[in-house]
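Visitor: here you go, sequence then predicted model.
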Amino acid sequence: MNYRDKKFLITGGTGSLGKALIKRLIKDRASITIFSRDEGKQAFLRQDFPEVKTYIGCVRDYERLLEVFLKVKPDYVIHAGALKRIDDGEEHESEFTKTNVNGSRNVAKAAIEAGVTKCMLVSTDKACLPVNNYGKGKSLAEGIFTSEDFKQDGTILASVRYGNVIASRGSAIPLFLDLIKNNKQIKLTSTDMTRFFFTLDDAVDTVISSIENAIGGEIFIPQINSYTLPSLVEACGIIAKKEPSFYIDDLRPGEKLHEDMLEKTELPRTYKVPGVNLLQVRPCRQRVDYQEFKKYDGPHFNSELWVKSDTEELAKLIEKGLKC
């Protein structure tokens, strides 16, 4: 799709995903606006990307959101702004609700009011069969976007759900590499734990492809591999060229042993998007005629079912991710 002179607004766009999206969209000659509450990160962002416009504000504030949306008149909104730390979500659930649930509703309603063409929620695998407050909030946000899309026939609202991004802010991989290089032990919660991993470039491809294929209320999911945590440690050891050492601690509050990205109840509504690594989960209530896509006939996406045991391949994936 040609995004030349198209206007994108990214909430929370000073993070890892936001910066990667900016790099990609600038190449396509798109106009980019960032809406976030961290003026310090915005200042650093403008040093690297002087052509990007920035507005200070919080997604909790609907009036400010709508003011900026009406001023910028974006064609596309990518809602990446969120509180994400699982530990903090268990401790401060009301703050996570204000940002991740109420804030997402504000973004959806402001996008509709401002006549945005498409608005995409960036979700997480933790929203699928959630056990922690972060995941539960994101699951509600997905539902809000689907519901708001169904209520009107103007702005297209949809969600994209994926797993851990290698070397993004909050990623354990840089920490693991640092501990290995300094001959320190790594703390793992279980040798059986599995997680989905892919690179920041893959995340950008996933978001952009989801925008291009969205026609109303869907959840888009990439088909990516998962790995055990010991495999992750071993792969980091290959990169660091040192033998890693780890010890086992208990699961933290809100942690799952395995993550889910596509649940069994979603399988009857899941289709394969042709030409890209993307599944489309259609909503139960539908207001549009969807594309003639082939039905997905694979299993549900639980990270325990999709484990890859090739540690050398994982090491190469991590090295690729570190360069993004």
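Guide: Structure received.
Visitor: so where's the stretch 51-200 of the chain uncertain?
Guide: Judged by pLDDT under 70, the stretch 51-200 of the chain has no weakly predicted residues.
Visitor: try 80 this time
Guide: Low-confidence segments of the stretch 51-200 of the chain, defined by pLDDT under 80: 167, 169-170.
Visitor: all strands for it, in order.
Guide: 53-56, 76-79, 118-122, 156-160, 164-165, 186-188, 194-198 (DSSP state E, counting those that start in this stretch).
Visitor: how about the stretch 201-324 of the chain?
Guide: 219-221, 226-228, 246-248, 260-262, 270-272, 279-281, 294-295, 301-302.
Visitor: a markdown table for the strands of the stretch 51-200 of the chain, including mean neighbour count and distance to residue 42?
Guide: From N, CA and C alone the C-beta is placed, and that goes for glycine too. Formatted as a markdown table, these follow (neighbours: other Cβ atoms under 10 Å; distance: least, Cβ to Cβ, whole Å):
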| stretch | mean neighbour count | distance to residue 42 |
| --- | --- | --- |
| strand 53-56 | 17 | 4 |
| strand 76-79 | 26 | 16 |
| strand 118-122 | 25 | 19 |
| strand 156-160 | 26 | 24 |
| strand 164-165 | 24 | 21 |
| strand 186-188 | 17 | 34 |
| strand 194-198 | 22 | 27 |
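Visitor: of those, which is nearest residue 237?
Guide: Closest approach to residue 237 among those (Cβ to Cβ): strand 186-188, 9.6 Å.
Visitor: for the longest helix seen in the chain, name the packing helices and strands.
Guide: What stands out as the longest helix in the chain, according to DSSP state H, is helix 133-150. Counting contacts by 3 or more Cβ pairs under 8 Å, 6 or more residues apart in numbering; DSSP states H and E, helix 133-150 is packed against helix 86-91, helix 93-96, helix 103-113, strand 118-122, strand 156-160.
Visitor: let me have these in CSV, adding distance to residue 218 as columns.
Guide: Listed next are these as CSV, based on distance: least, Cβ to Cβ, whole Å:
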stretch, distance to residue 218
helix 86-91, 26
helix 93-96, 25
helix 103-113, 14
strand 118-122, 10
strand 156-160, 5
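Visitor: which of the ones you listed sits closest to residue 135?
Guide: helix 86-91 (8.1 Å).
Visitor: what residues of that closest one count as buried?
Guide: Judged by neighbour count using 16 or more other Cβ atoms under 10 Å, the buried positions of helix 86-91 are 86, 89-90.
Visitor: now do stretch 93-110
Guide: 96-110.
Visitor: how about residues contacting it?
Guide: With Cβ atoms under 8 Å, 6 or more residues apart in numbering as the test, stretch 93-110 has contacts from 11, 58-62, 65-66, 69, 77, 79, 81-83, 88-89, 119, 121, 133-134, 137-138, 140-141, 144-145, 148, 157.
Visitor: selecting buried members of these in ChimeraX, what would you type?
Guide: To isolate the buried members of the contacts of stretch 93-110 in ChimeraX, using 16+ other Cβ under 10 Å:
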select :11,58,59,62,65,66,69,77,79,81,82,83,89,119,121,133,134,137,138,140,141,144,145,148,157
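Visitor: dump the residue contacts of residue 276.
Guide: 205, 209, 213 are the contacts of residue 276 under Cβ under 8 Å, 6+ apart.
Visitor: so for it, what pLDDT did the model give?
Guide: The model reports residue 276 with a pLDDT of 97.
Visitor: and the one 5 residues further on, by the same measure?
Guide: On pLDDT, residue 281 comes in at 98.
Visitor: ok, the nearest residue to it once chain neighbours are set aside to residue 146 distance?
Guide: Computed as Cβ to Cβ, 6 or more residues apart in numbering, the closest residue to residue 281 that is not its neighbour in sequence is residue 219, at 4.3 Å. To residue 146, residue 219 is 8 Å away according to Cβ to Cβ, to the nearest Å.
Visitor: my read: residue 278 touches residue 210, true?
Guide: Yes. Look at residue 278 against residue 210 with Cβ atoms under 8 Å: they come within range, at 6.7 Å.
Visitor: between those two, what contacts are shared?
Guide: Residues touching both residue 278 and residue 210 (Cβ under 8 Å, 6+ apart): residue 220.
Visitor: higher neighbour count, those two?
Guide: Taking neighbours as other Cβ atoms under 10 Å, residue 278 and residue 210 compare with residue 210 leading, 28 against 21.
Visitor: and that one, how far from residue 256?
Guide: Residue 210 is 24 Å from residue 256, by Cβ to Cβ.
Visitor: count of neighbours near residue 275?
Guide: If you count neighbours by other Cβ under 10 Å, residue 275 ends up with 8.
Visitor: ditto for residue 7
Guide: 18.
Visitor: repeat for residue 191
Guide: Residues lying near residue 191 (other Cβ under 10 Å) number 12.
Visitor: ok, it - contacts?
Guide: Shown in contact with residue 191 (Cβ under 8 Å, 6+ apart): 228-230, 248.
Visitor: apply 10 Å and report the result again.
Guide: Counting by Cβ atoms under 10 Å, 6 or more residues apart in numbering, residue 191 touches 228-231, 233, 246, 248.
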